[in-house]
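Peer 1: Build me a structure from this.
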Amino acid sequence: MAQNTITETGGIIRDARSRYRTAQREADGAHGAYESETRRSGGTPRAEVSVSRAEAPADVAELLGAEGPVVVRARKMFDGGRLVQLANTWIPVDVAEAAGIEQVDTGAGGIISRMREAGFDQGAEAVEDVDQRPATADQAAALGVEEGALLLTVTHIGATAEGRVVEVTRHTLAPGWTLRYAAPLD
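Peer 2: Next comes the predicted model:
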């Protein structure tokens, strides 16, 4: 089974091949893919979550088709005491309200499961763009790198079958991550 793996040196292999499948996200009451995977690999997942309403960055607002404030779920994600990623999720207000995800605890499976229950099913796949972005001052301080250092960033875009983007999550990864994907050959 594809999953995140924590190596002997503390590196993390993020395996995207099946991390968002419902059974994996909700395994043993986990509150999403990161918690479930980290537990399975022997780690101790923990998240500090804040929820607010704010303007989305321009590129995210364009993806969401949003004008004005959106719901922002800002997470610091840890393995034990080690901060391993920052993850910000932007959600249209109507989707967040319908799915009941403006509180810190979103229950087993996290926001993807709550959205599905509210009629915003993201279907069988999501798109993830991977790039490097310079660390902001806040990111640098949190992740222990120099401001401007290039960090791997995964931008997860979840859309309904009708094509409506209902979430954009930007995962900013601390040093030491490896990203694993599968590519069809046929």
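
Peer 1: Point out where this protein drops to low pLDDT.
Peer 2: The model of the chain has pLDDT under 70 over residues 1-36, 39, 183-184.

Peer 1: rerun at 80
Peer 2: For the chain, the stretches with pLDDT under 80 are 1-43, 107-109, 124-125, 180-186.

Peer 1: Do you have the strands of it handy? List them.
Peer 2: 5-6, 12-15, 45-54, 70-79, 82-91, 127-134, 150-159, 165-173, 177-180 (DSSP state E).

Peer 1: Make JSON lines from those strands and add mean neighbour count and distance to A99 to it.
Peer 2: Any C-beta I mention is one placed from the backbone N, CA and C, and that applies to glycine too. What follows is these, written out as JSON lines (neighbours: other Cβ atoms under 10 Å; distance: least, Cβ to Cβ, whole Å):
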{"stretch": "strand 5-6", "mean neighbour count": "18", "distance to A99": "30"}
{"stretch": "strand 12-15", "mean neighbour count": "21", "distance to A99": "25"}
{"stretch": "strand 45-54", "mean neighbour count": "14", "distance to A99": "12"}
{"stretch": "strand 70-79", "mean neighbour count": "20", "distance to A99": "10"}
{"stretch": "strand 82-91", "mean neighbour count": "22", "distance to A99": "8"}
{"stretch": "strand 127-134", "mean neighbour count": "12", "distance to A99": "20"}
{"stretch": "strand 150-159", "mean neighbour count": "19", "distance to A99": "12"}
{"stretch": "strand 165-173", "mean neighbour count": "22", "distance to A99": "9"}
{"stretch": "strand 177-180", "mean neighbour count": "15", "distance to A99": "28"}
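
Peer 1: now the ones you listed in CSV, with distance to L64?
Peer 2: Listed next are those as CSV, based on distance: least, Cβ to Cβ, whole Å:
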stretch, distance to L64
strand 5-6, 32
strand 12-15, 24
strand 45-54, 13
strand 70-79, 6
strand 82-91, 6
strand 127-134, 14
strand 150-159, 9
strand 165-173, 5
strand 177-180, 24
